[in-house]
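Asks: Just to be clear, the model below is a prediction. Sequence and coordinates:
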Amino acid sequence: MTDASRPIVLITGSSGFLGQAIALGLKDRYRVIGLDVAQPRKPIEGMTTIEIDLTSDESVDESMAQVRAQAGDRIASVIHLAAYYDTTGEDNPKYDAVTVRGTRRLLKALKEFETEQFVFSSTLLVHAPSPEKGVRIDENSPLDPAWAYPRSKTETEALIARERGGIRTVTLRLAGVYDEDCRAAFIAQQIARIFERLPTAYLFAGDIKSGQPYLHKDDLVDAVVRTVDRRHELPEETVLLIGEEETPSYEEMQKRIGRLVHGEDWQTVVLPKNLTKLGAWLQTEVLEEDTDIKPWMIENSDDHYEIDVSRAKALLGWQPRHSLTGTLPEMIRRLKADPTDWYDKNKLESSVVAASEPEIDQAERRLQAPLERSEQEVEAAMERHRAWTLWAPLANVALGLWLVTSPLMLGLFDPVTAPVPPALGHEIAEPGLRNMRLGISEIVSGLLVMLFAFVGMSRRWRWVQWIAASIGIWVMFAPLVFWTTSAAAYGIDTLAGMLIVAFAVMVPPTPGVSRRALAADDDRPLGWSYSPSSFTQRIPIIALAFIGLFVSRYLAAFQMGHIDGLWDPFFGPGGAPVSNGSEAVVTSWVSKGFPIADAGLGAFAYALDILAGAIGDRRRWRTMPWMVFLFGLLIIPLGVVSVSFIIIQPPLIGALCTLCIIQAAVTAILIPYSIDEVLATLQYLWRAKKAGEPFWRTFWMGGPALSENQTPEPDLDRPVGIVLRDFVIGGVTFPWNLVASIILGALLMATPLVFGTQPPLYFSDHVVGCLVILVAVTALGEIVRAVRFLNVALGAWIAASPFMLDGASTAGTIAAVVIGLALIGLSLPRGVRSKEHYGGWDRGIV
């Protein structure tokens, strides 16, 4: 039979899973034309697909005109699969627009053709459940759809009966369809919960003995093919239940899945429906978390269906050849063989299993084979990079020469004749001796930088560039150690030291990174949707660190006697013999407790932040784990220390420092922006060790990519608007409740001005306000969103503190109770999740 002489079959929804399967079953004896909103990802040979939008009269008319042009006026059968579906259980206008009115448009258009048969894909859920276990329902059983999807099917069935005209109709009330990859949404979710050992996998609301029948994809295809083949023999209006007569209960499925996945009989606890509904409501409405268990599912969890398919057997000669319980072992086998592929096929989030045991086993096998690039290819690429950047060590030679000559040009060996402030009152050497010691240090440092820069140009001795970098770090630090009186020397050494580090280990190929680590370009950790080491992630951190550096250098200049005063527009000295709060704080007994200028120490830390943030490429979470750890250790403890310094100022120093608050704000903001890279590195080290890579070698020298066939995405080479957006929201989100918590923390710090609060209650408000802000700002980092729960305890203390401490006014007492309770409430919702994923850490974002 030629294509032209074959009967025409139209399939709506032909690009989907079921549409493609049915088309394959029909294409040998029929000419199949697909109708769908989009072309299939993998077109079937010999089948054409015409795009159609069932919500548009114009689109339906245009598409059917194309059908007429291609196939003529005679249509043997129309398999109508297209419909709207979601699992929310809520009414959606699309049910009416697509399923009901879309079917009306299609039927109207089909009346212009010689249409022999119209097959409508309905659901067995249009029926009321079985009245009791052991009693089967059939096509004449009562209709009672319980939620939006089956209601839309019921309405459409009635519409077809009214408006079919002379077209023969067959309504197939289908059980849930599955295949060896599962594909049945509720079964897939049940399997996934057990596979991941989620808490909800152990819980059920309703009758655990209830269940529903299912239908294998191949049995569905067989039923549809038989329906088309017998289109002239079937009654004018035919309704058929299509499914397996086996109905495994939820309890039975739990135990079978538990045995197949984990080798254990899965224990399931039955909860009262009201308690489960409350838990679901709290999870979705209060905590704003996503869950695959919806309220309508809880309400209908007692529903039990057993079906009688004798009519399908009689009219079609059809009966199921598969069973869900018989196919379940193959489903689980495929899940275990490739979890991410299985999750993708079932439209589940594959990132949560991207680092599961089977995936790590696959990675281990891949790592035993030749990597993407050989060591020789990597070495050749590094040699080309080195040849292009030989100017960098030569630049360090020039900087070394500058260091050797700068003490003479800056007068570090000249007598100090002008009066010099006594630098915080520390007992230190006289000014001339301090400068001379720095001058000697610079000459020695310059000679060593020149030596190691020259030696490091050799391929064999590239590692000594780390020594040159270490000397650069000393050059940055030396002016603080020697308490130089020369502001010029301090400023130049800070710049020269940072440049030495950059030219030694950042511009040329970074020494010490293993060839295995550089053998692939994969830049996203397993299960992550982005690279936490991309420059769009790091540039905001570096920019903020520069702000912190400038503020700290300004404070350090006063502490070291390079300037006569500090600017502070808000705070007074609080009794100290200085001009303002900033001067009072940086000359306090706390600052004097450090052997060097503590603001200078902060500036040094910010400079290290900048260097540690800039080094390495977007793979550095796996190529330089030790550097990422150093970066995290510089930022996170520094943030905590800076905030702690703000905390102690009113109660221990008696003054506040505006510049110190700016500095603390900068360091606190750095925490959420940097913490995702640290987590990615921790995950990688753990997974690489499980995949057989030596831990310490991987920590110090990096390791190979564990992912498979990953293509790096663009970074800075994207539209400016997108890059700027990622600067702000890369790994960080701004839920309204956390922003409000930050505002409440700031209000607590201002209670003396706003509510007239006095010590000791004011001191408590100040300390707790700082902590509230630190917690809320940290929780802006999506992966540490759970940190916000610490504010629940802080809110409770705020509400109770006016009754336990002196210093409260009436307004202050009321405000404290309101602020405390508000903070507790604001700390419960998670906030809206971004679209990013974090390789199994998603479930920790609660």
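Replies: Sure thing, it's come through.
Asks: gap between the residue lying closest to residue 536 once chain neighbours are set aside and residue 715?
Replies: Of all residues not flanking residue 536 in the chain, residue 726 sits nearest, at 4.1 Å (C-beta to C-beta, 6 or more residues apart in numbering). For the C-beta atoms, the positions are set from N, CA and C on the backbone; glycine is no exception. Computed with C-beta to C-beta, to the nearest Å, the distance linking residue 726 and residue 715 is 9 Å.
Asks: shared neighbours, these two?
Replies: Counting by C-beta atoms under 8 Å, 6 or more residues apart in numbering, the residues touching both residue 726 and residue 715 are residue 536.
Asks: export stretch 709-718 as CSV, just CAs?
Replies: Taking Å, rounded to 0.1, in the frame of the first residue of the first chain, the C-alpha atoms of stretch 709-718 are listed here in CSV:
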residue,chain,number,x,y,z
ASN,A,709,29.9,16.0,28.3
GLN,A,710,29.4,19.4,29.8
THR,A,711,29.6,22.5,27.7
PRO,A,712,30.7,25.7,29.5
GLU,A,713,28.2,28.5,29.3
PRO,A,714,29.1,32.1,28.5
ASP,A,715,30.3,34.3,31.4
LEU,A,716,31.2,37.9,30.8
ASP,A,717,30.7,37.6,27.1
ARG,A,718,26.9,38.1,27.3
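Asks: so where does the residue nearest to residue 536 fall, helix or strand?
Replies: Taking DSSP states H and E as the criterion, residue 726 maps to helix 720-729.
Asks: From the contact counts, what lies against that helix?
Replies: Helix 720-729 sits against helix 535-559, with contacts defined as 3 or more C-beta pairs under 8 Å, 6 or more residues apart in numbering; DSSP states H and E.
Asks: Report the distance from the helix it packs on to the chain centre.
Replies: Distance of helix 535-559 from its chain centroid, counting by C-alpha atoms, centre = their mean, to the nearest Å, is 28 Å.
Asks: just checking, what packs against the helix or strand that that helix is followed by?
Replies: Elements were assigned by DSSP H and E; along the chain past helix 535-559, the next helix or strand is helix 581-586. Helix 581-586 is packed against helix 535-559, helix 658-690, with contacts defined by 3+ C-beta pairs under 8 Å, 6+ apart.
Asks: List the buried residues for the first one?
Replies: It refers to helix 535-559. For helix 535-559, the neighbour count (16 or more other C-beta atoms under 10 Å) marks 535-542, 544-545, 548-549, 551-559 as buried.
Asks: Tell me which stretches of the stretch 151-300 of the chain form helices.
Replies: Counting by DSSP state H, counting those that start in this stretch, the stretch 151-300 of the chain has helices at residues 185-195, 217-229, 250-262, 273-281, 295-299.
Asks: Can you give the contact residues for the helix holding residue 726?
Replies: 536-537, 539-540, 716, 834.
Asks: what about it, average pLDDT?
Replies: Mean per-residue pLDDT for helix 720-729: 80.
Asks: buried ones in that helix?
Replies: Buried residues in helix 720-729 (16+ other C-beta under 10 Å): 723, 726-727.
Asks: Please list all residues in contact with the nearest residue to residue 257 once chain neighbours are set aside.
Replies: Nearest non-adjacent residue to residue 257, counting by C-beta to C-beta, 6+ apart: residue 194, 5.0 Å away. Contact analysis of residue 194 by C-beta under 8 Å, 6+ apart lists 201, 254, 257-258, 261-262, 266.
Asks: Also residue 239?
Replies: 139, 157, 170-171, 173.
Asks: So in terms of bridging, what pairs with it?
Replies: As for beta bridges, residue 239 partners with residue 171 under DSSP bridges.
Asks: Quick check: it vs residue 107, distance?
Replies: From residue 239 to residue 107 the distance is 17 Å (C-beta to C-beta).
Asks: same deal with residue 806?
Replies: In terms of C-beta to C-beta, residue 806 sits 80 Å off from residue 107.
Asks: how deep is residue 152 tucked in, by neighbour count?
Replies: 26 (other C-beta atoms under 10 Å).
Asks: nope, residue 642 is what I meant
Replies: 24.
Asks: Could you look up the SS state of residue 54?
Replies: coil (DSSP: H, G, I helix; E, B strand; the rest coil).
Asks: Please tell me how far the closest residue to it other than its chain neighbours sits from residue 96.
Replies: Using C-beta to C-beta, 6+ apart and skipping residues adjacent in sequence, the residue nearest residue 54 is residue 102, 3.0 Å away. Distance from residue 102 to residue 96, counting by C-beta to C-beta: 9 Å.
Asks: same thing with residue 788?
Replies: In terms of C-beta to C-beta, residue 788 sits 41 Å off from residue 96.
Asks: Kindly report the same for residue 165.
Replies: From residue 165 to residue 96 the distance is 22 Å (C-beta to C-beta).
Asks: Below-threshold pLDDT in the stretch 701-846 of the chain: ranges please.
Replies: Along the stretch 701-846 of the chain, the model assigns pLDDT under 70 to no residue.
Asks: quick one: the helices in it?
Replies: Using DSSP H, counting those that start in this stretch, helices in the stretch 701-846 of the chain cover 720-729, 736-749, 751-755, 761-779, 790-800, 810-826.
Asks: Could you identify which of these is most buried?
Replies: helix 761-779 (a mean of 24; mean count of other C-beta atoms under 10 Å).
Asks: So which other helices or strands are in contact with it?
Replies: For helix 761-779, the packing partners by 3+ C-beta pairs under 8 Å, 6+ apart are helix 625-648, helix 658-690, helix 736-749, helix 751-755, helix 790-800, helix 810-826.
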